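Student: sharing a sequence plus its predicted fold:
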Amino acid sequence: MHIEILIIDPFQEESIHLLRTHLDFCLAATPTEHVYALDIEKFNSPEITVFGARIAGDLVAIGALRKLDDAHAELKSMHTLVKARGQGIGRALVSHIEATAKELGILRLSLETGTSEAFKPARELYKSLGYADCEAFGDYKLSEDNICMTKSLT
């Protein structure tokens, strides 16, 4: 299986479908007041670069890099379609985004994710890649429904 990872336009139909799938997943698994997934319109920002993972031409996963400052960025909107899970696509996508962040001079990559059972595979993936729990960053507020994680890229 060959995974192709490229920067994609978040406003193309297939990208919008995956981003909406991600938002719907977050809204179903977390109380609305603690959902930090971005609405599609928010991807129209120069600080955000969206990546897509394709298998045999099909877009099966999405993730974004949001630059917070010159040394700190956020891993955002990670989602792999159910049909493509368990194949290492999420791991490959995170690794690709980390490499891109390093090329941009980013020293730390952070993320926010849910604490419910639905988010357990994501938390386990991030921990296996060296991310550790941390205090809230940016505009996030920690609650019983979410955690923040971070990783040094140096």
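Tutor: Yep, it's here. Numbering: from 1, shown residues only.
Student: now tell me which helix or strand of the chain has the poorest mean pLDDT.
Tutor: Lowest by mean pLDDT, DSSP states H and E among the helices and strands of the chain is helix 13-29, with a mean of 91.
Student: hmm, who's touching it?
Tutor: Here helix 13-29 makes contact (Cβ atoms under 8 Å, 6 or more residues apart in numbering) with 8-10, 35-40, 43, 50, 52, 59, 61-62, 77-79, 81, 114, 116, 118-119. From N, CA and C alone the C-beta is placed, and that goes for glycine too.
Student: buried stuff in that helix?
Tutor: Of the residues in helix 13-29, Ser15, Leu18, Leu19, His22, Leu23, Phe25, Cys26 count as buried by neighbour count, 16 or more other Cβ atoms under 10 Å.
Student: kindly export it (C-alpha atoms) in CSV.
Tutor: Taking C-alpha atoms only, helix 13-29 is exported to CSV below (Å, rounded to 0.1, in the frame of the first residue of the first chain):
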residue,chain,number,x,y,z
GLU,A,13,-15.5,18.8,-2.3
GLU,A,14,-13.6,15.8,-1.1
SER,A,15,-11.7,17.9,1.5
ILE,A,16,-14.9,19.5,2.7
HIS,A,17,-16.5,16.0,3.1
LEU,A,18,-13.6,14.8,5.3
LEU,A,19,-13.5,18.0,7.4
ARG,A,20,-17.3,17.8,7.9
THR,A,21,-16.9,14.1,8.9
HIS,A,22,-14.3,15.1,11.4
LEU,A,23,-16.5,17.9,12.9
ASP,A,24,-19.5,15.6,13.0
PHE,A,25,-17.4,12.9,14.8
CYS,A,26,-16.2,15.5,17.4
LEU,A,27,-19.8,16.8,18.0
ALA,A,28,-21.1,13.3,18.5
ALA,A,29,-18.3,12.4,21.0
